[in-house]
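> predicted model and sequence below, questions to follow.
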Amino acid sequence: MIFLRRQLPLLITFVAGVVFAAQYYVPHPTSELMLTEVTKWLQIISGFALVLGVTSLFHIHAVKIRRKEPGWAYSLILYGGILGTIAAGFSYSFTAGQWVNGKETINGIVTAFGWIYSDMMVPLQGTMFAILAFFIASAAYRSFRARSREAALLLIAAIIVMMGRVPLGEMLLPVSGDVTQWILNVLNAAVRRAILIGISLGAVALSLKIIFGMERAYLGGGKE
Amino acid sequence: MPFETLLGAWVATGLTLFIFTFLYQDNPLFKLAEHLYVGVSVGYTIVKVYDTVIVRLLYEPMVNQGDWSLLVPLGIGMLMLARYFPKIAWLSRIAFAFIVGVGSGLAIPRIISSYILKQVEDTVRPLASLASGGGPTFTYNLLDPASNLNALVLLIGVVSVLFYFFFSIEHTGPVRVAARTGILFLMIAFGAAFGYTVMARMSLLIGRFTDLIEFADPRYGRATLWLLLATVATLIASGARRRDLRSCGTSSSLPSRSTMSSTSCSGTRPA
């Protein structure tokens, strides 16, 4: 039993890891087909991972409602949002004369699901991110006081890029557009590249540790 | 104007204003919109995943094309749900082992190729070019990312930032100089990223204001104006209720106004 519970998952990880690492070096149609198939498989399996996440969310809010914890009514709103959207997604569109089945529009006609997307999700998402502009401004006030050479550099770069991204900024500071391009294409690219190389080396090391069974955190704890 | 368009304008305006109220303080209107946002987003994802995964990737190929090999990922996916049954919870490890194994295997050669070798190749470029019919030349045009000067700056930037993140040796002497240069590059990049993010957020903010201005039009029943008034009135009422509760010393529970005035608040309210 210990083999099934502990050794088998490690064996599956090892075999799958080695096979798909080797696949990259085999330019054969069968190898390419295998990659296409497994990519589809991963999409299917990740769909089941969503079930885990959603049930966890449902459980947390069900407990809040059952215990009448402070703010439990908001959990009802959340349930309403989820169930209402699902209902709209699988409803029948009388205008279009067919089932919606997750389509926002059918023959150019906006469905109830499409209405929820464009008139609820998009404004909510847009505004949620837009209010960050105010909080970023307040954070900037606190952190951008040029107390050191490094902070001054950060401040100057931020101001130049902000000026260079809008016509008004370019009008006030004509060189800001060109300098912004230079900062983004050269200085920023250099830093991004160095960070990317570092992250990639870490990712390769972690992948090797996973394949060879040195990293087992993904298996979780619990009984052997 | 169609009813659904009008309703959409009112709903979009209301939700936008509810979210904006957070700039004043945390309040019930914001929480309502926030929970609705999570709910609608989750519902939308469920519908889309069902349509993509269950219908298009599983049901249709199996039933219409007879591709029964898809029973394998279906089975592996079902194993994930074994986590709900403590006695067989260990079965879910098989599913995770497969995903992590395939992911790691796919990642190694692709990361090395695309993110390490390619990035190094683009960084280590000739520092001088050969002019047609002449000797080597050095181009100084800063606006051309491919110029020799920019290639040099890029090389110095990448190497110095890598030095900054290299902790296996002590940062003293020449290494310290390189690491300090790396910090300067990092600060400029962080500033640029900050400025870029601010402008992206501003763009979203302008988009929301554009919608609010459009929905203030009489064609939409002046949705923005009416809902703004209603929102402000609700905020004032909510603020007054909060002050009442604070004066009662009950911040966690929410008794009704009548209960407060008759029992828990008696004698505690300021004269």
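Great, that's in hand.

> wait, is B:Met202 part of a helix?
Yes - B:Met202 sits within a helix when classified using DSSP: H, G, I helix; E, B strand; the rest coil.

> show the pLDDT at it.
Model confidence at B:Met202, expressed as pLDDT, equals 89.

> got a list of what it touches?
A:Ala133 (Cβ atoms under 8 Å, 6 or more residues apart in numbering or on different chains). Where C-beta positions appear, they are placed from N, C-alpha and C, glycine not excepted.

> which residue is the nearest non-sequential neighbour of the closest residue to chain B within chain A?
As assessed by Cβ to the nearest Cβ, chain B sits closest to A:Gly81 within chain A, at 2.1 Å. With sequence-adjacent residues excluded and distances taken as Cβ to Cβ, 6 or more residues apart in numbering or on different chains, A:Gly81 is closest to B:Gly39, at 2.1 Å.

> tally of neighbours for whichever residue of the stretch 1-150 of chain B sits closest to chain A?
Nearest to chain A, among the residues of the stretch 1-150 of chain B, is B:Gly39, at 2.1 Å (Cβ to the nearest Cβ). If you count neighbours by other Cβ atoms under 10 Å in any protein chain shown, B:Gly39 ends up with 25.

> about what we covered before: name the element the residue nearest to A:Gly81 belongs to?
Following DSSP states H and E, the helix or strand that holds B:Gly39 is helix B:28-49.

> spatially nearest residue to residue 104, not counting backbone neighbours?
Let's take chain A. A:Glu104's closest residue in space is A:Gly114 (Cβ to Cβ, 6+ apart), at 3.3 Å.

> chain B is the one I meant
A:Ser207 is the one closest to B:Ser104 (Cβ to Cβ, 6+ apart), at 3.8 Å.

> with A:Leu219 instead?
Once flanking residues are discounted, A:Leu219 sits nearest to B:Arg93: 5.1 Å by Cβ to Cβ, 6+ apart.

> list the buried residues in the strand or helix carrying the one you found.
For B:Arg93, the element it lies in under DSSP H and E is helix B:92-111. Within helix B:92-111, the residues scored as buried using 16 or more other Cβ atoms under 10 Å in any protein chain shown are B:92-109, B:111.

> ok, which stretches of chain A are helices?
Remark: helices assigned in chain A by DSSP state H are A:2, A:8-23, A:29-66, A:72-89, A:112-116, A:122-130, A:132-143, A:149-164, A:167-172, A:176-182, A:188-211.

> I meant the stretch 151-271 of chain B, not that one.
B:174-214, B:223-248, B:257-259 (DSSP state H, counting those that start in this stretch).

> and among these, the most buried is which?
helix B:174-214 (a mean of 18; mean count of other Cβ atoms under 10 Å in any protein chain shown).

> okay, angle between that helix and helix A:188-211 too, please.
100 degrees (axes from the mean of the first three to the mean of the last three Cα atoms, to 10 degrees).

> centre of the chain to helix B:174-214, how far?
Computed by Cα atoms, centre = their mean, to the nearest Å, the chain-centroid distance of helix B:174-214 equals 15 Å.

> could you give the angle of it to helix A:122-130?
Using the same axes, to 10 degrees: helix B:174-214 against helix A:122-130 is 140 degrees.

> can you pull the poorly scored residue ranges out of chain A?
Low-confidence segments of chain A (pLDDT under 70): A:144-146, A:221-224.

> domain parsing of it, as residue ranges.
What automatic domain parsing lists as the domains of chain A is A:9-69, A:136-211.

> among those, show me which one is buried the most.
Comparing those by mean count of other Cβ under 10 Å gives domain A:136-211 as most buried, with a mean of 17.

> quick check: end-to-end length of that domain?
Using Cα to Cα, to the nearest Å, the end-to-end distance of domain A:136-211 comes to 41 Å.

> just give me the neighbour total for residue 91.
Going with chain A. Counted with other Cβ under 10 Å, A:Ser91 comes out at 14.

> sorry, I should have been clearer: chain B.
Neighbour count for B:Leu91, taken as other Cβ under 10 Å: 18.

> that one - nearest residue in space that isn't next to it in sequence?
Nearest one to B:Leu91, counting by Cβ to Cβ, 6+ apart, is B:Ala82 at 4.0 Å.

> which residues touch the residue nearest to A:Leu219?
Counting by Cβ under 8 Å, 6+ apart, the residues that B:Arg93 touches are A:5, A:9, A:219-220.

> before we move on, the earlier item: quick check: buried residues in the helix or strand following the helix holding B:Gly39?
Sequence-wise, the next helix or strand downstream of helix B:28-49 (DSSP H and E) is helix B:60-65. By 16+ other Cβ under 10 Å, helix B:60-65 has no buried positions at all.

> equivalent analysis for stretch B:42-51, please.
For stretch B:42-51, the neighbour count (16+ other Cβ under 10 Å) marks B:42-44, B:46-47, B:49-51 as buried.

> and these near chain A, which?
For chain A, the contacts drawn from the buried residues of stretch B:42-51 by Cβ under 8 Å from any Cβ of the partner chain are B:42-44, B:46-47, B:49-51.

> save the helices of the stretch 151-271 of chain B as a markdown table, and put in distance to B:Ile19 too.
Listed next are the helices of the stretch 151-271 of chain B as a markdown table, based on distance: least, Cβ to Cβ, whole Å:
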| stretch | distance to B:Ile19 |
| --- | --- |
| helix B:174-214 | 9 |
| helix B:223-248 | 11 |
| helix B:257-259 | 27 |
